[in-house]
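Student: got a predicted structure here, sequence first:
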Amino acid sequence: MSEWKAFDAEQATQARNDLEIWPLDEPNAVLLNEVHPRDYPNPEPYEIYDLIAVGAGAGGLVSSRQSARRGAKSAMISEVLAGGDCLNVGCVPSKALIRSARAIQEVKKAKQFGVVLNEEDVQVDFAAIMRRMRELRAKIAPADGHARGEQAGSHVFQGRGRFTGPDTVEVNGITLKFRKAVVATGGRPGVPNLPGLKEAPYTTNEVLFNLETLPPRMVILGAGVISLEMAQTFASFGSEVTVIQRSSRLFQSKGGDKEAADLMQSALEEDGVRFESNATVQQVETLRERGESPDALPLMKVTIKKGDEVKELGCECLLVATGRVANVEDLGLEAAGVEYELGKGVKVNDLSQSVSNPNVYAIGDCCADVPRLTHMSGEMAKQVVQNALFNDTWKLSDFVVPAVAYTEPEFATVGIIGEEDAAKKGIKVDVYKAGLEHNDRAILESNNIGFAKIFCEEGTDKIVGAVIVASRAGEMINEVTLAMKHGIGLRGIGRNIHAYPTTGEAVMGCGIQFINSHWERLD
């Protein structure tokens, strides 16, 4: 089996055209040798598999490997890059860039901590930032690589998997027979039908992390998690960033908390991000195509309309982040008798089982009506293994799923995400809020902007949701998630001793508010 070699011109063209990975330097060669080896020899198949996973993201990796570790004959079919979006073009590379952006902000604020730096000595080296990201991604890659799957006892096939019947799937001309199968093909960025957009050299998360030159100007369509994270990050790097959103404020379409939305937008604006709200895109015009060299960035003009006002925004990078669609086309799902809806995904019941073929399950972003999050895919994979192979009845409806935007401050939610959301769902709630303005740890960190807000069913301490805005909100939300999952009320959180000083005390503060509102009194 030949290897990917750094700086090999022919291989670099192949990696760019076939796998959308560039540059082919040492870290990316390491990555590809793990997640898409050249001339990969597919194994000799078993007569029948207990479970086959079609797809190699979090869902496919976990389901195929856990099955093998529990004694099943399993296989995983990986078409492009094992590890899926998370490793290659999502969670991993984005968090590496976010850490670099945070370091830049820390340097800018160093003086208030007694660290004096000469401004002329502080420079942002975008090439070094991107190389660090590639090196760290390559370091993590073996965990998702083909060799690790083989070591776990699972067969790994490289190629496109297509169902050819209710219990068969084909890859590279080889027919594999299964007792149970998992569709874990993930999703992709949705590209809206806007005049001139599809002809333009726009960017999505699938190629953003290949950038070698910092774009002077970036326009982002959409105001979801990817948009906000990358807007703040590239603004910190020095790009002039504009976010275009159709609604009047952040999180409005989902009934998200207005106070959190206002605070988050203010934080990003302070870091240089501009927002164009209540705006619709009228046209995208390509003024210059992308060149061959890394420095040859394209040039586009985005025309937007806000009421009667028309604006033109120039940019070298147009990031489309307007939502995701399920990868369900060209999988042979019809031959397998698996119902699906284009865009939304495979239709499943509460067991993550196809509503039309009980021997096929679906996991993650290719599945209709589930949160499109890596940790959701991983948990669904465990559920499917338990249900498909051990006849259990783990239910999707029992899942309590947190979500985090890794901005600064972070924005974390679970369950009900705002009073508007509660009203839409017909749930009456009581709201308990603890701000960070008096949190000692946050004060000592010079970062005491934010709050924890917990929603309980009206008149009770039953937690139905939470919103946290804080520097470590992603860590703090897990306590609330655990409480919701195991039926611990807000009173229990208030009575749980929290270490001092921590920002996590804000969560306890919500519990103390509930306890105080139900105190017995002597007067």
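Tutor: It's in.
Student: quick one: low-confidence parts of the chain?
Tutor: 1 (pLDDT under 70).
Student: chain center to stretch 183-202, what's the gap?
Tutor: Distance, stretch centre to chain centre, for stretch 183-202: 17 Å (CA atoms, centre = their mean, to the nearest Å).
Student: ok, stretch 440-454 next?
Tutor: That offset, for stretch 440-454, works out to 25 Å (CA atoms, centre = their mean).
Student: same check on stretch 409-429?
Tutor: The answer for stretch 409-429 is 20 Å, by CA atoms, centre = their mean.
Student: likewise for stretch 317-324?
Tutor: Using CA atoms, centre = their mean, the offset of stretch 317-324 from its chain centre is 13 Å.
Student: same thing with stretch 269-277?
Tutor: That offset, for stretch 269-277, works out to 22 Å (CA atoms, centre = their mean).
Student: list the buried residues in that stretch.
Tutor: The neighbour-count check on stretch 269-277 (16 or more other CB atoms under 10 Å) flags 271, 273, 275, 276, 277 as buried. Glycine gets a C-beta too; all of them are placed from N, C-alpha and C.
Student: those into CSV, with extra columns for distance to residue 441 and secondary structure?
Tutor: Output for the buried residues of stretch 269-277, formatted as CSV (distance: CB to CB, whole Å; DSSP: H, G, I helix; E, B strand; the rest coil):
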residue, distance to residue 441, secondary structure
271, 22, coil
273, 27, coil
275, 30, strand
276, 36, strand
277, 33, coil
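Student: of those residues, just say which sits nearest to residue 493.
Tutor: residue 271 (32.1 Å; CB to CB).
Student: who touches that closest one in this structure?
Tutor: For residue 271, the contacting residues are 105, 232, 235, 236, 408, by CB atoms under 8 Å, 6 or more residues apart in numbering.
Student: now, of the residues you listed, which are buried?
Tutor: Neighbour counting by 16+ other CB under 10 Å classes 232, 235, 236, 408 among the contacts of residue 271 as buried.
Student: quick one: the third one and residue 105 touch, right?
Tutor: Going back to what we said before, that points to residue 236. Yes: using CB atoms under 8 Å, residue 236 is in contact with residue 105, at 5.9 Å.
Student: so which of the contacts of residue 271 are in helices?
Tutor: Judged by DSSP state H, these include 105, 232, 235, 236 as members of helices.
Student: okay, the second one and residue 101: tell me how far apart.
Tutor: Counting by CB to CB, to the nearest Å, the gap between residue 232 and residue 101 amounts to 7 Å.
Student: now for those two: what residues contact both?
Tutor: By CB under 8 Å, 6+ apart, residue 232 and residue 101 have these common neighbours: residue 408.
Student: quick check: what element follows the helix or strand encompassing residue 34 along the chain?
Tutor: Secondary structure from DSSP states H and E places residue 34 in helix 26-35. Note on helix 26-35: by DSSP H and E, the next helix or strand toward the C-terminus is strand 49-54.
Student: export only the CA atoms of the next helix or strand after that following strand, formatted as PDB.
Tutor: Moving toward the C-terminus from strand 49-54, the next helix or strand (DSSP H and E) is helix 58-69. In PDB, the C-alpha atoms belonging to helix 58-69 read as follows (Å, rounded to 0.1, in the frame of the first residue of the first chain):
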ATOM      1  CA  ALA A  58     -18.800   9.600  14.600                       C
ATOM      2  CA  GLY A  59     -21.900   7.400  14.000                       C
ATOM      3  CA  GLY A  60     -20.200   4.900  11.800                       C
ATOM      4  CA  LEU A  61     -17.000   4.800  13.800                       C
ATOM      5  CA  VAL A  62     -18.700   4.200  17.100                       C
ATOM      6  CA  SER A  63     -21.300   1.700  15.900                       C
ATOM      7  CA  SER A  64     -18.900  -0.500  13.900                       C
ATOM      8  CA  ARG A  65     -16.100  -0.500  16.600                       C
ATOM      9  CA  GLN A  66     -18.400  -1.000  19.600                       C
ATOM     10  CA  SER A  67     -20.200  -3.800  17.800                       C
ATOM     11  CA  ALA A  68     -16.800  -5.500  17.100                       C
ATOM     12  CA  ARG A  69     -15.700  -5.100  20.700                       C
END
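Student: show me what contacts residue 360?
Tutor: 163, 166, 180, 181, 182, 183, 336, 338, 353, 354.
Student: the nearest residue in space to residue 90 that is not next to it in sequence: neighbour count?
Tutor: Closest residue to residue 90 apart from its sequence neighbours, by CB to CB, 6 or more residues apart in numbering: residue 205 at 6.3 Å. For residue 205, the count of nearby residues is 21 (other CB atoms under 10 Å).
Student: can you check residue 44 too?
Tutor: Neighbours around residue 44, by other CB under 10 Å: 7.
Student: same check, this time on residue 122
Tutor: Once other CB under 10 Å is used to define contacts, residue 122 is seen to have 11 neighbours.
Student: equivalent analysis for residue 26, please.
Tutor: Neighbours of residue 26 using other CB under 10 Å come to 14.
Student: residue contacts, the closest residue to it other than its chain neighbours?
Tutor: Counting by CB to CB, 6+ apart, the nearest residue to residue 26 once its immediate chain neighbours are dropped is residue 6, at 4.6 Å. Applying CB under 8 Å, 6+ apart, we find residue 6 in contact with 24, 25, 26, 28, 29.
Student: state whether residue 6 is indeed within a helix.
Tutor: No: assessed with DSSP: H, G, I helix; E, B strand; the rest coil, residue 6 is coil; it does not lie in a helix.
Student: relative to residue 30, how far out is it?
Tutor: Counting by CB to CB, the gap from residue 6 to residue 30 is 9 Å.
Student: now swap in residue 197 and tell me
Tutor: Taking CB to CB, one finds residue 197 at 35 Å from residue 30.
Student: same question, residue 283
Tutor: In this structure, residue 283 and residue 30 are 42 Å apart, going by CB to CB.
Student: who's more crowded, the two?
Tutor: Just comparing residue 283 and residue 30: by other CB under 10 Å the higher neighbour count belongs to residue 30, 21 against 15.
Student: list the contacts of the more buried one.
Tutor: Counting by CB under 8 Å, 6+ apart, residue 30 makes contact with 138, 141.
Student: re the thing from before, list the contacts of the residue nearest to residue 90.
Tutor: If you count contacts by CB under 8 Å, 6+ apart, residue 205 has them with 85, 89, 90, 94, 189, 226, 319, 321.
Student: again, but for residue 268
Tutor: Residue 268 makes contacts with 228, 231, 232, 235, 243, 275, 407, as judged by CB under 8 Å, 6+ apart.
Student: could you dump the residues you listed to a markdown table with distance to residue 433?
Tutor: Shown next, in a markdown table, are these (distance: CB to CB, whole Å):
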| residue | distance to residue 433 |
| --- | --- |
| 228 | 22 |
| 231 | 27 |
| 232 | 24 |
| 235 | 29 |
| 243 | 27 |
| 275 | 25 |
| 407 | 20 |
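Student: ok, which pair from these is furthest apart?
Tutor: 275 and 407 (13.4 Å).
Student: distance of residue 522 from residue 464?
Tutor: On the measure of CB to CB, residue 522 and residue 464 end up 33 Å apart.
Student: next one: residue 246
Tutor: 28 Å.
Student: between those two, which is the more surrounded one?
Tutor: The neighbour count for residue 246 versus residue 464, taken as other CB under 10 Å, is higher for residue 464 (21 against 16).
Student: and the more buried one, that's in a helix?
Tutor: No: judged by three-state DSSP, residue 464 forms no part of a helix; its state is strand.
Student: quick check: chain neighbours aside, which residue is closest to residue 170?
Tutor: residue 164 is the one closest to residue 170 (CB to CB, 6+ apart), at 5.0 Å.
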